[in-house]
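1. What would the 3D arrangement of this be:
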Amino acid sequence: MLENIDFGYACISSIIKDCSTARTVPLSSFTKIKDDEAKIYRLETVARENLKNTVRLLWHNLAEGINMYRFSSLLIPLGNHPLGQIWDFTEALKEELVNIGQVVKKHKMKVSTHPGQYTVINTNNEKTLENSIRDLIYHDKLLTAMGLNNEAVMVVHVGGVYGNKEKSLQRFADNFHLLPPTVQARLVIENDDTSYSIKDVLELCKKIKRPMVLDVHHHNCYNQGERLEDYLPAIFATWNNLERPPKIHFSSPKSAKEYASHAEYINVDDFIKFIKLAQGYTFDVMIEAKKQDAALLKLREELLQKIR
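-> Down below sits the predicted model:
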């Protein structure tokens, strides 16, 4: 049952200490630096540390048999901010970025990014759209500088409803076509926990011909009566044009009271229920838990004990 599943986690290890890949440069202190060379030095110093720690985590992952990983969006401080465009990080950090890409490609790791909540493709605000496109271009630039093709995907949510879900879905499709082709080729769309169900997102993905990321916990938080078993074949089929398997997200609720929040670990019984639904499919599972890689390893061990 587990032979067709790869596991991964996002950005930060709870096992390897002092290994942040998301150190940043606060805008408040950055703007106090008057000299451009000094500004670049500050950005470059922090970025090198993030990239060095990313390599450490990749080797840690390989040692633990973890073949899937989500890069931090903060690898390059202010990489998506107008004030951070005073240097070309792809040239200054070429050696480090290429090295990361070589590790990924040599070991056939499956990697991704997940631009943050302020990147909203279906926004009805022109400035927000401009900022969102800049952020997506930054992520694409980062992955391209690593030498990674569009199998290295960028996960986004649909965005807001803005009082009319149908119009907001159509606006996503319209704005999608404003994105550079290289960005379009990396985007995969995830269902969320408040507004867009698996049915909504699947229809959108079919329209724009992009893969869908199923988030199981989000589906449990927000659905319109859809049954996962009825939608899994169509969701997984959206990945048919990529060489990598379909990707899903899995997390457990923190508590009944804080159901939408992620728990520290994964409830193994809930996970077994899902993989029984998905039996026969090959897919990747991004573990979204507060304990990150420790949660992944714990789940994997519990599964081996229960499914023997």
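2. Determine which residue lies closest to the centroid of this structure.
-> The centroid of the chain falls nearest to His114 when counting by C-alpha atoms, centre = their mean (3.0 Å).
3. Could you list the low-confidence segments of the protein?
-> Residue ranges of the chain with pLDDT under 70: 1, 308.
4. Quick one: the strands in it, in order.
-> Using DSSP state E, the strands of the chain run over 5-10, 68-70, 110-113, 153-157, 187-190, 212-215, 247-250, 283-287.
5. need the contact list for the closest residue to Leu78 other than its chain neighbours.
-> Nearest residue to Leu78 in three dimensions, chain neighbours excluded: Gly84, at 2.9 Å (C-beta to C-beta, 6 or more residues apart in numbering). Glycine gets a C-beta too; all of them are placed from N, C-alpha and C. Going by C-beta atoms under 8 Å, 6 or more residues apart in numbering, Gly84 touches Leu43, Ile76, Pro77, Leu78.
6. Repeat that for Val268.
-> Val268 makes contact with Leu299, Glu302, Leu303, Lys306, according to C-beta under 8 Å, 6+ apart.
7. Could you list the buried residues of the lengthiest helix in the chain?
-> Secondary structure of the chain per DSSP state H: the longest helix is helix 36-63. The neighbour-count check on helix 36-63 (16 or more other C-beta atoms under 10 Å) flags 39-40, 42-44, 46-47, 50-51, 53-54, 57-58, 60-61 as buried.
8. Stretch 15-26 too?
-> Neighbour-count burial for stretch 15-26, counted by 16+ other C-beta under 10 Å, picks out Cys19, Ser20, Thr21, Thr24, Val25.
9. how long is that stretch end to end?
-> Counting by C-alpha to C-alpha, to the nearest Å, you get 26 Å between the two ends of stretch 15-26.
10. Quick one: residues in contact with it.
-> Contacts to stretch 15-26, defined as C-beta under 8 Å, 6+ apart, come from residues 11-13, 42-43, 46, 49-51, 53-54, 56-57, 60, 71-75, 77-78, 293-294, 297.
11. which non-adjacent residue is nearest Ile12?
-> Nearest one to Ile12, counting by C-beta to C-beta, 6+ apart, is Gln292 at 5.6 Å.
12. ok, that neighbour touching Tyr9?
-> Yes: Gln292 lies in contact with Tyr9 (C-beta atoms under 8 Å); the separation is 4.6 Å.
13. Show me which of the two is the more surrounded one.
-> Between Gln292 and Tyr9, counted using other C-beta atoms under 10 Å, the more crowded position is Tyr9 (25 against 20).
14. and the gap between that one and Lys39?
-> Per C-beta to C-beta, to the nearest Å, Tyr9 is found 33 Å from Lys39.
15. Ser251 now?
-> 38 Å.
16. swap in Ala152?
-> Ala152 is 29 Å from Lys39, where distance means C-beta to C-beta.
17. Ala92 contacts Thr45, correct?
-> No: counting by C-beta under 8 Å, Ala92 stays clear of Thr45, with 11.0 Å between them.
18. ok, Lys209 - how many residues close by?
-> 10.
19. Nearest spatial neighbour of it, chain-adjacent residues omitted?
-> Distances taken as C-beta to C-beta, 6+ apart place Asn241 nearest to Lys209, at 7.9 Å, with adjacent residues excluded.
20. ok, the buried residues of stretch 15-26 vs Leu204, which is closest?
-> Thr21 (30.7 Å; C-beta to C-beta).
21. And that closest one, how far from Ser73?
-> Counting by C-beta to C-beta - Thr21 and Ser73 are separated by 10 Å.
22. do the same with Tyr259
-> Relative to Ser73, Tyr259 is positioned 26 Å away (C-beta to C-beta).
23. re earlier: can you get me a residue count around the nearest residue to the residue nearest to the centre of the chain once chain neighbours are set aside?
-> Computed as C-beta to C-beta, 6+ apart, the closest residue to His114 that is not its neighbour in sequence is Val155, at 4.5 Å. Neighbour count of Val155, defined by other C-beta under 10 Å: 20.
24. my guess is Val155 meets Met212, correct?
-> No: using C-beta under 8 Å as the test, Val155 is too far from Met212 to be in contact (10.2 Å).
25. Can you check which residues contact both of those two?
-> Jointly contacting Val155 and Met212 under the rule C-beta under 8 Å, 6+ apart are Val188, Ile189, Glu190.
26. So which of those is the closest to Ile133?
-> Nearest to Ile133 out of those is Ile189 (C-beta to C-beta; 16.1 Å).
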